[in-house]
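J.: here you go, sequence then predicted model.
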Amino acid sequence: MVIKKICCIGAGYVGGPTCSVMALKCPDIEITVVDLSKERISQWNSNDKLPIYEPGLMEIVQKCRGRNLFFSNDIVSAIKKADLIFISVNTPTKTFGLGKGRAADLKYVEGAARMIAENAEGSKIVVEKSTVPVKAAESIMSILKANNKPNSSYRILSNPEFLAEGTAVEDLINADRVLIGGEESAEGQDAIRELSWVYEHWIPSSKIVTMNTWSSELSKLAANAFLAQRISSINALSAVCESTGADVSEVARAIGLDSRIGPKFLQASVGFGGSCFQKDILNLVYICECLNLPHVAAYWQQVIDMNEYQKTRFAEKVIASLFNTVTGKQIALLGFAFKKNTGDTRESPAIHVATHLLAEGAHLHIYDPKVEHSQIIDELNSSTLDPDKIKRNVIIHTDAYSAIKNTHALVICTEWDEFVSLDYEKIHSDMMKPAYIFDGRKILDHDYLQKLGFQVQTIGKRLNRDLGRSWGSQNHQS
Ligand code: UDX
Ligand code: ADP
């Protein structure tokens, strides 16, 4: 079978960019991205603003949309005509019931599988793109088989996505590797070849790695667990640096020069965020517990615990430095997205820092160049804080200078480039004195800021004019 039509169920952070790049690189394939949400689809069809911000994405969508790329709410028709169907729906952590707070909630995957089973006719390749627990393909197959129409047949593949937000287009075009897992049967191998052919439109075949389904599913969880583990490892060392006078950037450089370790993902920070790392590790931990592997589960859980510790340590450092009280103090929080070049706030460390400071009575002035104001308020409202307190004590600003004016402290939570080139001389004169900067991303020139008169604190380095206290030192219990 030659794949001529593709349907992607789920027009989110994964489905949207993946199919846009695929449409760009495969003009001979018609790709329809479908979603339950009318709003999301109409945003994908708009020329002003896509539902997600990714550098370079709008240009690709505008080039392909209406040619071989379509966004639609007509899920049934798209399923019926497709040769290959990607399942690219959300798999959040369960919030109730068995596995609450850890297991992945597969209700959306199941919903998509049921829609396929009810509507598909003929032979289809069904591809799980969403990150799922190991053996999820088996569950999808059970649903498809149990509802099998007489004239339909399925082959299931696992094809996890490794794009990172903010660099999605680049990651998709120049992927390190494409992973395809399938059954060892002849039909399974045929399906792998057919999907490989799609990617070979732009990915060298040497970078297309094939394996069995379970290895593919586990590899995705493992890759995210390893990446997050590196961040927690360097963040753990950042606490040691603050207590000893070592500089975590120097340590990261020194260890990163070892070719076995490598320099990437060693940037100490306020903590990692995003929709994947925490969710996938929790999922891995849950799987290990279910497999009666408590030691393995505890090992990976520690990566999450260290991240929580780091976020709390940073927030407590702000409070301790501001004379142990932020009640009634004005604090500017710059950056709310979980990293730069995205408007995504899922699991953003900024949420943790903001709620911590608000709980202590601070007044927050928040600015992020890409996050919608309503989204910031929604994130804060999902915390345990009283919504009235949020209404009273939070102001969202449309530029950094207005957010910072007349504040006691400036806290950087996201590494947006524009924060590096702000006029800090002007900012210093506009702030209350002593003026504090807490650089949670290590992006600023700390020596220069100190010369301007700022009290500066950052991660993994004790600065000259530091108050001599290491973050959350002796009295902090994680
Ligand atoms: C991640 C994986 O990188 C990607 O392969 C997978 O498909 C999805 O999950 P993403 O969450 O979009 O991608 O962004 P990533 O660049 O990995 O950053 C995650 C978090 O770690 C961010 O909050 C980032 O600021 C933080 N981070 C990253 C650090 O704190 N230090 C680093 O050195 C790198
Ligand atoms: P991800 O980051 O994994 O792409 P998102 O939450 O950004 O996750 O996107 C997932 C999308 O999948 C959402 O837009 C949601 O509306 C959509 N979705 C969930 N279930 C279904 C379904 N059964 N059919 C169509 N779309 C679905």
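T.: Received the coordinates, thanks. No experiment lies behind these values; they were computed from the predicted model shown. Numbering: from 1, shown residues only. Ligands and ions are numbered 1, 2, ... in the order given.
J.: for the rest of this, base every contact and every neighbour count on C-alpha atoms.
T.: Will do.
J.: what sits up against the helix or strand containing residue 116?
T.: According to DSSP states H and E, residue 116 maps onto helix 107-119. Outside helix 107-119, the residues that touch it by CA atoms under 8 Å, 6 or more residues apart in numbering are 9, 76, 79-80, 87, 89-91, 140, 143-145, 147-149.
J.: what subset of those is buried?
T.: Neighbour counting over the contacts of helix 107-119 (16 or more other CA atoms under 10 Å) leaves 9, 79, 80, 87, 89, 90, 91, 140, 143, 144, 148 as the buried ones.
J.: quick one: the strands in the stretch 251-400 of the chain, in order.
T.: For the stretch 251-400 of the chain, the strands defined by DSSP state E, counting those that start in this stretch occupy 330-334, 363-367, 394-396.
J.: packing partners of the last one?
T.: For strand 394-396, the contact count by 3 or more CA pairs under 8 Å, 6 or more residues apart in numbering; DSSP states H and E identifies strand 363-367 as packing neighbours.
J.: give me the sheet partners of the strand it packs on and which way each runs.
T.: strand 330-334 (parallel), strand 394-396 (parallel) (DSSP bridges).
J.: now those strands in a markdown table, please, with extra columns for distance to ligand 1.
T.: Shown next, in a markdown table, are the strands paired with strand 363-367 (distance: least, CA to the nearest ligand atom, whole Å):
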| stretch | distance to ligand 1 |
| --- | --- |
| strand 330-334 | 14 |
| strand 394-396 | 21 |
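J.: now render these as a markdown table, adding mean neighbour count, distance to ligand 2 and mean pLDDT.
T.: Supplementary listing: the strands paired with strand 363-367 in a markdown table, determined by neighbours: other CA atoms under 10 Å; distance: least, CA to the nearest ligand atom, whole Å; pLDDT from 0 to 100:
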| stretch | mean neighbour count | distance to ligand 2 | mean pLDDT |
| --- | --- | --- | --- |
| strand 330-334 | 26 | 24 | 98 |
| strand 394-396 | 18 | 24 | 98 |
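J.: with distance to residue 50 as new columns, can those strands be given to me in TSV?
T.: Rendered in TSV, the data for these read as follows (distance: least, CA to CA, whole Å):
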stretch	distance to residue 50
strand 330-334	24
strand 394-396	22
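J.: for residue 169, find the nearest of those.
T.: Counting by CA to CA, residue 169 lies closest to strand 330-334 out of these; the figure is 25.8 Å.
J.: for that closest one, which outside residues touch it?
T.: Residues from elsewhere that reach strand 330-334, judged by CA under 8 Å, 6+ apart: 354, 362-368, 400, 403-404, 406-414, 419.
J.: go with 7 Å
T.: Outside strand 330-334, the residues that touch it by CA atoms under 7 Å, 6 or more residues apart in numbering are 362-368, 403-404, 407-414.
J.: again with stretch 358-372
T.: Contacts for stretch 358-372 (CA under 7 Å, 6+ apart): 326-337, 342-343, 393-400, 403.
J.: hey, C-alpha coordinates of it in PDB?
T.: Provided in PDB are the C-alpha atoms of stretch 358-372 (Å, rounded to 0.1, in the frame of the first residue of the first chain):
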ATOM      1  CA  LEU A 358       1.200  34.900  46.600                       C
ATOM      2  CA  ALA A 359       0.600  32.600  49.500                       C
ATOM      3  CA  GLU A 360       3.100  34.700  51.500                       C
ATOM      4  CA  GLY A 361       1.200  37.800  50.700                       C
ATOM      5  CA  ALA A 362       3.200  39.300  47.800                       C
ATOM      6  CA  HIS A 363       1.700  41.500  45.100                       C
ATOM      7  CA  LEU A 364       2.800  40.200  41.700                       C
ATOM      8  CA  HIS A 365       3.300  42.100  38.500                       C
ATOM      9  CA  ILE A 366       3.600  39.400  35.800                       C
ATOM     10  CA  TYR A 367       4.800  39.800  32.300                       C
ATOM     11  CA  ASP A 368       5.400  37.200  29.500                       C
ATOM     12  CA  PRO A 369       5.800  38.100  25.900                       C
ATOM     13  CA  LYS A 370       3.700  35.200  24.600                       C
ATOM     14  CA  VAL A 371       1.400  33.900  27.200                       C
ATOM     15  CA  GLU A 372      -2.200  35.100  27.100                       C
END
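J.: now whichever residue of the stretch 151-300 of the chain sits closest to ligand 2. Nearest residue, chain neighbours left out?
T.: Using CA to the nearest ligand atom, the closest approach of the stretch 151-300 of the chain to ligand 2 is made by residue 275 at 6.7 Å. Closest residue in space to residue 275, ignoring its immediate chain neighbours: residue 346 at 5.3 Å, by CA to CA, 6 or more residues apart in numbering.
J.: what about the one you found, neighbour count?
T.: 15 (other CA atoms under 10 Å).
J.: I'd say it and residue 276 touch.
T.: No. The pair residue 346 / residue 276 is not scored as a contact, 9.0 Å apart, by CA atoms under 7 Å.
J.: show me where the stretch 51-200 of the chain has its strands.
T.: 69-72, 84-87, 122-128, 152-158, 178-182.
J.: would you list those strands in TSV and tack on distance to residue 284 and mean pLDDT?
T.: Below are the strands of the stretch 51-200 of the chain laid out as TSV (distance: least, CA to CA, whole Å; pLDDT from 0 to 100):
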stretch	distance to residue 284	mean pLDDT
strand 69-72	33	98
strand 84-87	21	97
strand 122-128	18	95
strand 152-158	17	93
strand 178-182	19	97
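J.: which one of the ones you listed is the most hemmed in?
T.: Highest mean neighbour count among those (mean count of other CA atoms under 10 Å): strand 84-87, with a mean of 26.
J.: for that strand, which strands pair with it and how are they oriented?
T.: Applying DSSP bridges, strand 84-87 is found paired with strand 5-9 (parallel), strand 122-128 (parallel).
J.: ok now the longest one, how far from the chain's centre?
T.: Between the centre of strand 122-128 and the centre of its host chain there is 28 Å, according to CA atoms, centre = their mean, to the nearest Å.
J.: fine, thanks again, bye for now.
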